[in-house]
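Visitor: Okay, structure incoming, though there's no sequence with it:
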Ligand SMILES: O=P(O)(O)OC[C@H]1O[C@H](OP(=O)(O)OP(=O)(O)O)[C@H](O)[C@@H]1O
Ligand SMILES: [Mg+2]
């Protein structure tokens with residue numbers, strides 16, 4: 001997508017591609033250090049986490065496996081329904097594995113608190129979370145997150161995997177939408 005095609009839809013750019021990239025460098029270095037000598041399974045949460053998974057995993061100097069889950073709580077709206085559905089489950093047996101969930105955003109926390117509980121019940125060695133974004137002021141449940149890219153204000157954001165009604169995921173930066181887009 002030519003960014004000029006969506007420029008009229010955006011109110012603001014919150015985080016540039018460069019800011020996301022340098023924060024990912026730091027997160028990857030931390031993850032490499034924390035998991036040195038250990039097995040690591042990255043679990044990406046479709047669809048939003050595709051960018052984080054691709055960009056974070058390529059920065060790790062660590063042999064990892066990758067698997068994917070699809071869960072959805074937002075549908076096409078801007079509010080979490082609170083009801084999490086598994087649309088696609090993992091192919092991997094988690095017994096004894098060190099699992100690191102890769103996510104684009106923790107908003108209300110409902111998706112991740114549900115997912116962490118679900119994965120912990122499968123007998124892994126550990127389950128931790130790496131998320132690019134978190135909205136502290138939107139939290140409805142506490143989620144223990146080991147790696148956070150950025151804490152952001154409580155506004156609906158798009159880009160870098162995040163959609164509004166399935167659009168804007170491929171923007172390389174994080175932005176907010178102009179009010180007319182929701183109308
Ligand atoms: O903390 P929460 O309030 O639960 O929100 C976070 C979740 O919402 C989004 O997924 P969505 O359901 O929109 O699916 P998608 O990734 O396919 O867009 C996002 O990717 C997270 O998984
Ligand atoms: Mg979504």
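Guide: Everything's here; your move. Note that the coordinates shown come from a computational prediction; the quantities given were computed from them, not determined experimentally. Ligands and ions are numbered 1, 2, ... in the order given.
Visitor: Can you find the helix or strand in this structure with the smallest mean pLDDT?
Guide: Lowest on mean pLDDT, DSSP states H and E among the helices and strands of the chain sits helix 3-6, with a mean of 68.
Visitor: Next secondary structure element downstream of it?
Guide: Moving toward the C-terminus from helix 3-6, the next helix or strand (DSSP states H and E) is strand 10-15.
Visitor: Helix, strand, or coil at the residue nearest to residue 66 when sequence neighbours are not counted?
Guide: Distances taken as C-beta to C-beta, 6 or more residues apart in numbering place residue 42 nearest to residue 66, at 4.8 Å, with adjacent residues excluded. From N, CA and C alone the C-beta is placed, and that goes for glycine too. Applying DSSP: H, G, I helix; E, B strand; the rest coil to residue 42 yields a three-state assignment of strand.
Visitor: what's near enough to touch residue 42?
Guide: Shown in contact with residue 42 (C-beta atoms under 8 Å, 6 or more residues apart in numbering): 53, 56-57, 64-67, 100, 102.
Visitor: Residue 22: which of these is nearest?
Guide: residue 56 (12.8 Å; C-beta to C-beta).
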